[in-house]
Every structure is written in structure tokens, then in C-alpha cells.
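Engineer: sequence unavailable; structure follows:
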């Protein structure tokens, strides 16, 4: 058993800090109101049952001979672990794990119990700082440190106190990390493709109809609105959107990491507040007043193609989808769509007074036919007339 443990410890560790390139495919399982989508983005939340994205990453990895542990860091937030696939890995995969224990004040303290740290105290009158080596003895439900052989509870001295860590404990990461244990006959360099589904990505469709001067045709413009609230950035990424209702199995929602909070065991002197946000830290900053909304008006439109029974819309060039952000891209431009005018009058069967005056509604209607200037697949969405 000791030999096996020593062998496991001796396995080399290879870290891939992030993808070299990424591509994103946006899905949705029903038409979505863009106004509601924008409200959700500003609130930093999208129903995981509505939005879904396929993230495809390309990475170059140096694989050692024998057994090794490869850490694929920087995965998109909201990753669905069971959907991850790795292609191009020229080695036997012994096991793989997805680490959801993300870096936070609470998790940093919990993983550092028993480890050396530095306690820094600031004199509130002079501003002078003193730093003392210490050992963290208990956390995060009450932070206890050992300084010069004495046990002290942090935040109980009345001074401004903070803990400085020399390193991030193993197993903590800023974003979800996929760990793969491999076995290879020889050392080699491989270009691998990592693909997985992730939440926090959503899209909607909208149309703008303008009556032309001839009064018989209208120009119809279609816009795709892409939303990213997952907290992950996709710079200069090829982007596609899939129209059509997909069949999604229950239980395939992203696993949300459980936050570890810091709960001091006592209050600093002359205060009655409980700092639950971290050692020496105040409350988190308020959310931004609104998300960035960008309109990518490419000279070329997004191209439409078939994807089985679905329709695939491909942006004409790579674009950056950053959080929290919505990006609008044209996918339809039909300059002369013939239409019919209809006057609609609603009759109330319970009020047939002939002297009652009601207004009629003017409707603009056209069949989706090539002879009318359309004949194209149109994703469900709202229409605004001008």
C-alpha cells in the first residue's frame, strides 16, 4: 500500500491553464422574449432549463510517458460534467474528475487548516501594519490561529486583521477544472479537442418590418440576440445558433458549486455586525447597473444551413461574447416582401348595441412563400412594425 501511495504521489502533473481557441453553439428549446431575456441578463440569471450552449475548445498538451495527471483548467462556468468529451488524446484515460470546489474566502480558509499563514494587523490610529507568522487551526466557522504558541480567535482584537496565504491549496480553482489521469507508452505532444455542454448561454430572435414607399411590399430584417450570463468569456470565437426545440433529459442541469462562507466566532470590539463575506473584507460590490449590449452589424449576414431537422445560423466571422453581455447580429434581410392588409373587428357577443363604436385593427399578413419574397425558415420571435 505504501508503494502504491508513493507511485500515485510521484505522478507528474501537467496543467493546461485554458483553451487556445474556443467555439460556441447557442441552443434554446422554445422561443424566448428578448425583453425578458435582457431583464434576466441584467439580473445575472438565466433559467438553466431554457438556455444551453456547446463549448468546443482546442488545447495543446504535452503528455509524459507513464501515468500522469492532466488538469484542464478554465472551463466555462455552468459546465455539465457528464457531457464532456476529449478527442485527440493519444493516451489511455484511466479516470477523470470535475472539480467544483471553486476559490472563495471560505474555501480558501477551509482548505488551509493546519497550514502556515501570515496574520497582518493594522493599527487604526497610526495605520502601521505588523505581520506575524501563524498556523491556521480552525476555519471557516470561526477563524482560529496559533501565533507564537498562543491560540487566538481572529477578528476579536478590535484591530483590522487579515490573513495572507503563500499559495492556493491544491484542488481550488477560479473556474471548474477537469482532471484526467492518463497512461501513455511514450512522451508526446497532442492537440486535443474538449467539448461539453454548459448553461448560462441563450438566444432569441426579433424582426423589424418596414413598409416600403410602394405600399405593397415591406423590408423585413431579422436579428439574433445572444446572451451570456455564465461568467465565462469567449474572445474572438466562432459562434453559431441552433433553431428548433431539442429534447433535453431531466437532470442535465449544470451542477452549481456550494459556496463556503466565513462566519467569525466573535465580533470585533465596538461593533455589532457579523462579517460573513471573508476575512478583512466588506460586502461584495453591487452589481453593475446593466449589462453591455452590443450590435455586431457585419457586412455579411449570418448564414443559414440545415442541421438534421434543425436550422443552424453561423455568424460570418468570429466575435467576442463576454459576460454579462448581449450581442445582436443580423441573420435576415429581405427587402421586398409582399403583404396583404386586413381589417379586423372584434365583436362582443354579450354587447351587441348597434350604437357602440369600436375601432378596427389593421393587420399585415404574408405567407412564408418564395413567391412573396420569403420562403425561408424563420425562428420564432417578436415582430415590430414601422
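Structural biologist: It's in. These figures come from a predicted structure and were not determined experimentally.

Engineer: just list the residues touching the residue found closest to residue 189 once you drop the neighbours it is linked to in the chain, thanks.
Structural biologist: Leaving aside its sequence neighbours, residue 189 sits nearest to residue 62 (Cβ to Cβ, 6 or more residues apart in numbering; 5.2 Å). For the C-beta atoms, the positions are set from N, CA and C on the backbone; glycine is no exception. If you count contacts by Cβ atoms under 8 Å, 6 or more residues apart in numbering, residue 62 has them with 14, 187, 188, 189.

Engineer: so what pLDDT did residue 350 get?
Structural biologist: For residue 350, the pLDDT comes out at 73.

Engineer: and what about it, helix, strand or coil?
Structural biologist: Of the three states, residue 350 takes coil under DSSP: H, G, I helix; E, B strand; the rest coil.

Engineer: so how many other residues sit close to it?
Structural biologist: By other Cβ atoms under 10 Å, the residues close to residue 350 number 5.

Engineer: now residue 151
Structural biologist: Neighbours of residue 151 (other Cβ under 10 Å): 11.

Engineer: ok so, going back, farthest-separated two in the contacts of residue 62?
Structural biologist: 14 and 188 (11.8 Å; Cβ to Cβ).

Engineer: I'd like to know which of the contacts of residue 62 are buried.
Structural biologist: Taking 16 or more other Cβ atoms under 10 Å as the criterion, what is buried in the contacts of residue 62 is residue 14.

Engineer: just the contacts of residue 62: which are in strands?
Structural biologist: 14, 188, 189 (DSSP state E).

Engineer: pretty sure the last one contacts residue 63?
Structural biologist: Yes. Because the distance of 7.4 Å satisfies Cβ atoms under 8 Å, residue 189 is recorded as touching residue 63.

Engineer: any low-confidence regions in the stretch 251-386 of the chain?
Structural biologist: 251-298, 351-352, 354-358 (pLDDT under 70).

Engineer: again, only this time at 50
Structural biologist: Counting by pLDDT under 50, the stretch 251-386 of the chain contains low-confidence residues at 267-291.

Engineer: now swap in the stretch 1-150 of the chain and tell me
Structural biologist: 1-8.

Engineer: again, only this time at 80
Structural biologist: 1-10, 29-30, 39-51, 81, 98-108, 124-125, 127, 139, 141-142 (pLDDT under 80).
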